[in-house]
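Peer 1: Using only what follows, build the 3D model:
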Amino acid sequence: KKNELLVEQEQELRNQLSLYTEKFEEFQKTLTRSNDVFATFKQEMNKMSKTIKKLEKENLSWKGKHEQVSKSMFTMAEELRNSKNKNETLERLCRALQVENQMCRKHIKKFNGETKDDEAKKEEDEGGEKEEEAPEKPAIDEKDDEEIKEPKE
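Peer 2: Numbering: from 1, shown residues only. So this is what the prediction gives:
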């Protein structure tokens, strides 16, 4: 009986051993899968880390370019304002000079007209003894007397 009891115990222990062996193998497989998943996760994390570093560098580059463009646009806006102010000043000056030019032309015409009238009176007083002379050229050409047109914007 003792022998049978020992054989039964041995059988039970062998059954337990085989059960534990199966569970241990299952545990090993699970651990292997877990390690594989962890390794894959680690590789993906490294890829993401590299991508993040690359994107951060790119972001800094774009920020620098943005700042340069902003400064450039500000400078260009200032230059545009200055150019507009200079343009307005030059246009006012041009108009003033045109007005002054017209006034000078009127004075010259008036002076030339008075001179011709004076000569005509002298000829009448002298009795028309003088031969007719060619009329003097006016000091200013007639075609120059036209108003100067402003440039179109």
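
Peer 1: Low-confidence bits of this protein, can you list those?
Peer 2: 115-117, 120, 127-153 (pLDDT under 70).

Peer 1: where do the helices sit along it?
Peer 2: 2-126 (DSSP state H).

Peer 1: got the CA positions of stretch 92-110 in CSV?
Peer 2: Listed next in CSV are the C-alpha coordinates belonging to stretch 92-110 (Å, rounded to 0.1, in the frame of the first residue of the first chain):
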residue,chain,number,x,y,z
ARG,A,92,3.2,120.2,-54.3
LEU,A,93,6.5,121.7,-55.4
CYS,A,94,5.7,120.9,-59.0
ARG,A,95,2.3,122.5,-58.8
ALA,A,96,3.8,125.6,-57.2
LEU,A,97,6.4,125.8,-60.0
GLN,A,98,3.8,125.3,-62.7
VAL,A,99,1.8,128.2,-61.2
GLU,A,100,4.9,130.4,-61.0
ASN,A,101,5.8,129.4,-64.6
GLN,A,102,2.4,130.4,-65.8
MET,A,103,2.6,133.7,-64.0
CYS,A,104,6.0,134.4,-65.5
ARG,A,105,4.8,133.6,-69.0
LYS,A,106,1.8,136.0,-68.6
HIS,A,107,4.2,138.7,-67.4
ILE,A,108,6.5,138.1,-70.4
LYS,A,109,3.6,138.1,-72.8
LYS,A,110,2.3,141.3,-71.2
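
Peer 1: That stretch: how far from the chain's middle?
Peer 2: 43 Å (CA atoms, centre = their mean, to the nearest Å).
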